[in-house]
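Visitor: What follows is a protein structure lacking sequence information:
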């Protein structure tokens, strides 16, 4: 009797082992793809992305380190002693790379006049198709460094200069940042902006956030109004992830 029970148990084990092997060889149907680009395209289709790899860093042409995991990219700038995380579906352009982006060139020209010594270091941009069938036009974060400005001058960059601006302060990794938020309308376009300025590592760091949307609607209501405050909040998360460390140190963002 005991021998028969053992024999049946062995048969069941062999059956389930064969079933598992069959599942593994059925074209990979049991593997769940990631959704790295589903939100950006709005199609709802899942796109297979690279596996999550811890501790792997990629280096840009300028030597700055770009770390990657399944959802976020780390921008690590040793020269200025700063790093931050941003969604990997966003686009990043370093200002010292060869680029024809007119917006970056115009930003630097304005900085040369308004804030001498300030340098546009990098721009993070939300893809234009990230919010399909809405009035969303663009979303950007511009990272600026001024190694010449004193703390008082640094904070003055975001001083309230117009009636209706909302101002405040926050602490990022022990460094105090002042911020200013404003909203404007013109030529059928809405502009929502928030600027940060903080002093750390003997330098002034600025983040300029902007979300642009159209306020022109069509008769068929084909496009829904973009939720600009929610989109702006996604850019604010990038600022909140900022880490500071001694300039010249190559380190990985935690």
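Guide: Yep, that arrived. These figures come from a predicted structure and were not determined experimentally.
Visitor: List the contacts of residue 151.
Guide: Shown in contact with residue 151 (CB atoms under 8 Å, 6 or more residues apart in numbering): 199, 204. In short, each C-beta sits where N, CA and C put it, glycine included.
Visitor: do you know how far it is from residue 201?
Guide: Here the criterion is CB to CB, to the nearest Å. By it, residue 151 lies 12 Å from residue 201.
Visitor: Name the nearest residue to residue 240, ignoring sequence neighbours.
Guide: On the basis of CB to CB, 6 or more residues apart in numbering, the spatially nearest residue to residue 240 that is not a chain neighbour turns out to be residue 172, at 6.4 Å.
Visitor: For burial, what's the neighbour tally of residue 77?
Guide: A total of 20 residues lie near residue 77 under the criterion other CB atoms under 10 Å.
Visitor: tell me the pLDDT at it?
Guide: In the predicted model, residue 77 carries a pLDDT score of 93.
Visitor: Mind jotting down where the strands sit in the chain?
Guide: Assignment of strands within the chain using DSSP state E yields the ranges 57-59, 65-68, 72-77, 82-87, 91-94, 118-126, 136-146, 166-172, 175-186, 189-200, 203-214, 243-244.
Visitor: For residue 106, find the nearest of the ones you listed.
Guide: strand 118-126 (10.0 Å; CB to CB).
Visitor: by contact count, what packs against the closest one?
Guide: Contacting strand 118-126 under the criterion 3 or more CB pairs under 8 Å, 6 or more residues apart in numbering; DSSP states H and E are the following elements: strand 72-77, strand 91-94, helix 102-114, strand 136-146, helix 228-240.
Visitor: Would you give the sheet partners of that strand, along with the direction of each?
Guide: Sheet partners assigned to strand 118-126 using DSSP bridges are listed as strand 91-94 (antiparallel), strand 136-146 (antiparallel).
Visitor: returning to what we had before: verify the contact between the residue nearest to residue 240 and residue 207 for me.
Guide: No - in this structure, residue 172 sits apart from residue 207 without contact. The criterion is CB atoms under 8 Å, and the distance is 9.5 Å.
Visitor: Next, work out how far apart the closest residue to residue 216 other than its chain neighbours and residue 128 are.
Guide: By the measure of CB to CB, 6+ apart, the closest residue to residue 216 outside its immediate chain neighbours is residue 188, 4.6 Å from it. As for residue 188, its distance to residue 128 is 17 Å (criterion: CB to CB).
Visitor: So between those two, which is more surrounded?
Guide: Between residue 188 and residue 128, counted using other CB under 10 Å, the more crowded position is residue 128 (13 against 9).
Visitor: List the contacts of the more buried one.
Guide: In this structure, residue 128 makes contact with 136, 137, 138, judged by CB under 8 Å, 6+ apart.
Visitor: ok, now how distant is it from residue 136?
Guide: Residue 128 sits 8 Å away from residue 136 when distances are taken as CB to CB.
Visitor: picking up where we left off before, near the residue nearest to residue 240, how many other residues are there?
Guide: Other residues near residue 172 number 19, with proximity taken as other CB under 10 Å.
Visitor: need the contact list for it.
Guide: 198, 239, 240, 242.
Visitor: do the same with residue 143
Guide: With contacts defined as CB under 8 Å, 6+ apart, the neighbours of residue 143 are 82, 84, 120, 121, 122, 123, 124, 205, 206, 207.
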